[in-house]
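>>> need a 3D model of the following:
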Amino acid sequence: MKPQPSALKNLRPKLGGSCTSGDDDEPEVPPATPSLTPLVTFIRSRLRPPKSQKCIFYSTDWEKSALLTNFQKRGWLQVPSFGGEWNFYWACTQNCRYIFGIDHPYRMRSDQMINHFPNSIELSRKDLLIKNIKRYRKDLERRGDPLAQTLSPDTKLGIGGTRYKHLDIIPLTFVLPADYQLFVEAFHQSPVSTWIVKPCSKSQGVGIYLVNKLSKLKKYAYDARTFYPAMNRDTCVISKYIENPLLIGGKKFDLRLFVLVTTFNPLKAYLYNEGFCRFCTEKYDQAEIDNVFMHLTNVSIQKTNEEYNAIHGGKWPLQNLWLYLDSLRGEGVSDMLWHRISDTIRHSLDAVAPVMANDRHCFEVYGYDIIIDNCLKPWLIEINTSPSMHSTTTNDRSLKSRLIDNVLDVVMPPNSLPDEHWDKTPQPEFLQNFTVLMPIPHQTHQSAGAGAGAAVANRKGGCSRRKGRSSRKKKHPPAEGEEISARKGKDMER
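So this is what the prediction gives:
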């Protein structure tokens, strides 16, 4: 029986074999030297320069206008994802995991790019994110890093349940049923608290509910006694509920922000200066824990309520929030909050960077969900590896179109096909509305304040592109040679 050709023709075998071209009728070219081993033949084929190509071929699993419009205006041509001719693939996470599966004897070409990292689940799956952040804290504390500084032992624990001064970025969270006994101990320490339960591998608010009694968790009490991690599929996380959220008009809201990561080693991350607030459709009441329309901000849930307004979609531009906070709580409050949010996001990326598979063909756009409490402290709630590109309003469509346009400017080599050998360092003018997420200073609070000023300057630069570009150029550190020559000059003066 004649074997069928592979569906993913664009992926080359890792060891041996031939590389099939886009033309099925073209006969296979025999190797020039029959004595060469399959490994040497493969290496030589990888070193050959790519054929000249006039345009970029793209594939996408999402037929969204924000994506298609930006691809087409660049003159890119769409091809089927299974045909193997694409250079740029905006894929769903399932197809990306299929391509990078360990049982696949394939390898991507050097002129191909895909929009997910192989194991981005380390960020998006709630239990894995919690595990990575807890390990990150312990590693910093073990090294004696100033970022792991703790408050005095007599300090009352807050929502985060820790005494970390700088690393208190997520509410106190346990994984059920594995951590059920630990959760019970924490529950008894504050029996009047409310907790929120979330399935680990679901999104759009599916399966989320609030509890304030242990009797509602009898299932997990039983599973904790008969728990087999390899067999249990009902794993969830339970977090301390933020009972004092910042309210606007009496309604709860959260922030949806977009973060672009082009490489995890070294970490190169960019925070988009635009975003939006997602509001609940009913006014917040802490006592009514069963009313999802006043506690969960997911659009997929809120749009099922009769009070949902399809005109504005329950969304508010991020710039409106900054104006509101500066007018209500004083000028500069929004800058301070933006710096805190930037630090929270950078901490989360630093936590997963050691375990991420850093493939040169990959980049990723993450959707960060952040809740702000009444003390203006941001809390990381969830990270999405496939933030929705669906547009519910005109403003929503415009924002996401600008986002994708800016993403393509950053991740694509200038005037070239994708290239795995490119160092992924875009020119400053291509950043446009992105702010570089700089490493957090491992020093005293004075250095942190200096970092805050830089982050604020970048955010303001997003509104005035010319000013933003010039400020970024001025803030570049001196080259190594310049720094050394400056030191020599000072020594000679002495």
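
>>> and stretch 114-122, how far from the chain's centre?
Remark: stretch 114-122 is offset 10 Å from the chain centroid, using Cα atoms, centre = their mean, to the nearest Å.

>>> compute the first-to-last residue distance for that stretch.
End-to-end distance for stretch 114-122: 18 Å, by Cα to Cα, to the nearest Å.

>>> which of the residues in that stretch are buried?
114-120, 122 (16 or more other Cβ atoms under 10 Å). All C-beta atoms are positioned from the backbone trio N, CA, C, and that covers glycine.

>>> which strand residues bridge the nearest residue to Ile130 once chain neighbours are set aside?
Leaving aside its chain neighbours, Ile130 sits nearest to Thr173 (5.0 Å; criterion: Cβ to Cβ, 6 or more residues apart in numbering). Counting by DSSP bridges, Thr173 forms beta bridges with Ser239.

>>> could I get the pLDDT score of Thr173?
Per-residue confidence (pLDDT) for Thr173: 94.

>>> check which helix or strand the nearest residue to Phe100 once chain neighbours are set aside maps to.
Among residues not flanking Phe100 along the chain, Pro118 sits closest, at 3.9 Å (Cβ to Cβ, 6+ apart). For Pro118, there is no helix or strand it lies in under DSSP states H and E.

>>> residues contacting Pro118?
Taking Cβ atoms under 8 Å, 6 or more residues apart in numbering, we find Pro118 in contact with 96-97, 100, 357, 359, 362.

>>> can I get those residues in JSON lines including pLDDT?
Shown next, in JSON lines, are the contacts of Pro118 (pLDDT from 0 to 100):
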{"residue": "Cys96", "pLDDT": "88"}
{"residue": "Arg97", "pLDDT": "85"}
{"residue": "Phe100", "pLDDT": "87"}
{"residue": "Ala357", "pLDDT": "91"}
{"residue": "Asp359", "pLDDT": "91"}
{"residue": "Cys362", "pLDDT": "95"}
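
>>> any idea which of the residues you listed is closest to Ser81?
Cys96 (10.8 Å; Cβ to Cβ).

>>> only alpha carbons, please: show the helix or strand encompassing the closest one as CSV.
Using DSSP H and E, Cys96 sits within helix 93-99. Extracted in CSV, the C-alpha atoms of helix 93-99 (Å, rounded to 0.1, in the frame of the first residue of the first chain):
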residue,chain,number,x,y,z
THR,A,93,-3.1,26.4,20.7
GLN,A,94,-4.2,22.9,19.8
ASN,A,95,-2.6,23.0,16.3
CYS,A,96,0.5,24.6,17.8
ARG,A,97,0.9,21.8,20.3
TYR,A,98,0.3,19.3,17.5
ILE,A,99,3.1,20.8,15.5
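
>>> buried residues, that helix. List them.
Residues of helix 93-99 classed as buried: 93, 95-96, 99 (neighbour count, 16+ other Cβ under 10 Å).

>>> and of those, the nearest to Tyr58?
Distances from Tyr58 to the buried residues of helix 93-99, taken by Cβ to Cβ, are shortest for Asn95, at 14.2 Å.

>>> show me what contacts the closest one?
61, 81.

>>> for it, give its distance to His116.
Distance, Asn95 to His116, using Cβ to Cβ, to the nearest Å: 9 Å.

>>> so where do the helices sit in the stretch 351-494 of the chain?
394-411, 428-431, 445-461, 465-474, 480-493 (DSSP state H, counting those that start in this stretch).

>>> ranking those by mean pLDDT, which is last?
helix 465-474 (a mean of 39).

>>> and stretch 146-155, what's buried?
147-149.

>>> so how far is it off the chain centroid?
The mean C-alpha position of stretch 146-155 is separated from the chain mean by 28 Å, Cα atoms, centre = their mean.

>>> what about that stretch, start to end distance?
Start-to-end, stretch 146-155 (Cα to Cα) is 19 Å.

>>> isn't the residue nearest to Ile130 up against Ile238?
Yes. In this structure, Thr173 is within contact of Ile238 by Cβ atoms under 8 Å, at 7.0 Å.

>>> give me the number of residues near the closest residue to Ser124 other than its chain neighbours?
Sequence neighbours aside, Thr385 is the residue nearest to Ser124 in space, at 4.3 Å (criterion: Cβ to Cβ, 6+ apart). For Thr385, the neighbour count with other Cβ atoms under 10 Å is 21.

>>> correct me if wrong: Thr385 contacts His116.
Yes. Taking Cβ under 8 Å as the definition, Thr385 is a contact partner of His116 at 6.4 Å.

>>> now for those two: what residues contact both?
With Cβ under 8 Å, 6+ apart, Thr385 and His116 have common neighbours 93, 364.

>>> quick one: which of the buried residues of helix 93-99 is nearest to Leu408?
Looking across the buried residues of helix 93-99 and measuring by Cβ to Cβ, the closest to Leu408 is Cys96, at 17.9 Å.

>>> report the contact partners of that closest one.
By Cβ under 8 Å, 6+ apart, the neighbours of Cys96 are 114-116, 118.

>>> related to what we said a few turns ago, looking at the buried residues of stretch 114-122, spot the one nearest Arg163.
The closest of the buried residues of stretch 114-122, once distances to Arg163 are taken by Cβ to Cβ, is Glu122, at 26.0 Å.

>>> which strands and helices sit next to the host helix or strand of that closest one?
Secondary structure assignment for Glu122, by DSSP H and E: helix 121-124. Counting contacts by 3 or more Cβ pairs under 8 Å, 6 or more residues apart in numbering; DSSP states H and E, helix 121-124 packs against helix 126-142, helix 333-352, strand 378-384.

>>> who's in contact with the residue nearest the centre of the chain?
For the chain, the residue nearest the mean C-alpha position is Tyr366 (2.9 Å; Cα atoms, centre = their mean). Shown in contact with Tyr366 (Cβ under 8 Å, 6+ apart): 123, 258-261, 383-385, 387.

>>> do the same with Leu176
Going by Cβ under 8 Å, 6+ apart, Leu176 touches 183, 197, 217, 220, 223-224, 235-238.

>>> in JSON lines, list those residues along with neighbour count.
Listed next are the contacts of Leu176 as JSON lines, based on neighbours: other Cβ atoms under 10 Å:
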{"residue": "Phe183", "neighbour count": "22"}
{"residue": "Val197", "neighbour count": "18"}
{"residue": "Leu217", "neighbour count": "22"}
{"residue": "Tyr220", "neighbour count": "23"}
{"residue": "Asp223", "neighbour count": "18"}
{"residue": "Ala224", "neighbour count": "17"}
{"residue": "Thr235", "neighbour count": "19"}
{"residue": "Cys236", "neighbour count": "20"}
{"residue": "Val237", "neighbour count": "20"}
{"residue": "Ile238", "neighbour count": "23"}
